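Novice: just need the structure, nothing else, for what follows:
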Amino acid sequence: MKSHSEERPHKCGVCERGFKTLASLQNHVNTHTGTRPHCCRDCDASFTTSGELVRHVRYRHTHEKPHRCTECDYASVELSKLKRHMRCHTGERPYQCPHCTYASPDMYKLKRHLRIHTGEKPYECDVCQARFTQSNSLKAHKLIHSGNKPSFHCDFCPTTCGRKTDLRIHMQKLHTSDKPLKCKRCGKTFPDRYSYKVRKENSPKEKTNECSECGKAFRHKVSNCFV
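Specialist: Residues are numbered from 1 along each chain as shown. Got it, this is the predicted structure:
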């Protein structure tokens, strides 16, 4: 019944924060004092709260994942991670950016997005001091110094990208289309922009636009004609 009540009668003497039970209060007080009374039976680790000990045992020793998704095979050690996962099924994005229309299913992704607006670059290369907004960008950059720069090859054309993100953007721009593209000259349709681009580059360069003054022909209607 205490879990349903909003009463928090047990107050912390340091920060005045209230708790529903004495056990919760004691766990909190331990964070102020640095006391680690909760010891693992399988190793030398110790923790300030019982919840931290439970998570440690599941992650390191038992590998138990009691929180299971009802829609797929996903399972998690922590209930909070399951709740975050469920948003991929519901489409819920509760974390809204205050500067633009971006919304995220979890706080971590929103914080990462906000760096676009703030200009914050917390990840620094220890070789050349270049800074990045994301840890993955730093990892990709550091491969330049090691000489092992990765390459991601497109499955549909000869394009090679240095980052997986760049390859994904390339795929979206050139190889993804909601509807076929139609050539205005011949009427033929193409499944994506890349196919249309190849067809256009390989087609004969016809000069169908003729100057009425001198008879000179051009491929484009807008051109320079000097007589």
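
Novice: next up, identify which helix or strand the closest residue to Cys97 other than its chain neighbours is on.
Specialist: Spatial nearest neighbour of Cys97, excluding adjacent residues (C-beta to C-beta, 6 or more residues apart in numbering): His113 at 6.0 Å. C-beta: built from backbone N, CA, C; applies to glycine. Taking DSSP states H and E as the definition, one finds His113 inside helix 107-118.

Novice: could I get the average pLDDT for that helix?
Specialist: For helix 107-118, the mean pLDDT works out to 88.

Novice: ok, and what's touching the helix or strand following it?
Specialist: Where DSSP H and E defines the elements, the next helix or strand beyond helix 107-118 is strand 123-124. Under the criterion C-beta atoms under 8 Å, 6 or more residues apart in numbering, residues Ala130, Arg131, Phe132, Thr133, Gln134, Ser135, Ser137, Leu138 lie in contact with strand 123-124.

Novice: pull up the pairing partners for strand 123-124, direction included.
Specialist: strand 131-132 (antiparallel) (DSSP bridges).

Novice: before we move on, back to that, show the buried residues in the contacts of strand 123-124.
Specialist: For these, a burial check counting by 16 or more other C-beta atoms under 10 Å picks out Phe132, Thr133, Ser137, Leu138.

Novice: now, which of those sits nearest Arg93?
Specialist: Lowest distance from Arg93 to those (C-beta to C-beta) belongs to Thr133, with 20.3 Å.

Novice: separation between that closest one and Ile144?
Specialist: Distance, Thr133 to Ile144, by C-beta to C-beta, to the nearest Å: 17 Å.

Novice: returning to what we had before: can you give me the buried ones in the helix holding His113?
Specialist: Neighbour-count burial for helix 107-118, with 16+ other C-beta under 10 Å as criterion, is recorded at Leu110, His113, Leu114.

Novice: correct me if wrong: the first one contacts Tyr95.
Specialist: Yes - Leu110 sits in contact with Tyr95 when judged by C-beta atoms under 8 Å, with a separation of 4.2 Å.

Novice: common neighbours of those two, please.
Specialist: What both Leu110 and Tyr95 touch, as defined by C-beta under 8 Å, 6+ apart, is the set Ala103, Ser104.

Novice: quick one: distance of the helix holding His113 to the chain centre.
Specialist: Remark: helix 107-118 is offset 10 Å from the chain centroid, using C-alpha atoms, centre = their mean, to the nearest Å.

Novice: check contacts around His99.
Specialist: Leu114, His117 are the contacts of His99 under C-beta under 8 Å, 6+ apart.

Novice: go with 7 Å
Specialist: His117 (C-beta atoms under 7 Å, 6 or more residues apart in numbering).

Novice: list phi and psi for it.
Specialist: In terms of degrees, to the nearest 10, the main-chain angles of His99 are phi -110, psi -20.

Novice: rebuild the buried residues of helix 107-118 as a markdown table, extending it with distance to Thr176.
Specialist: Below are those laid out as a markdown table (distance: C-beta to C-beta, whole Å):
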| residue | distance to Thr176 |
| --- | --- |
| Leu110 | 26 |
| His113 | 23 |
| Leu114 | 28 |
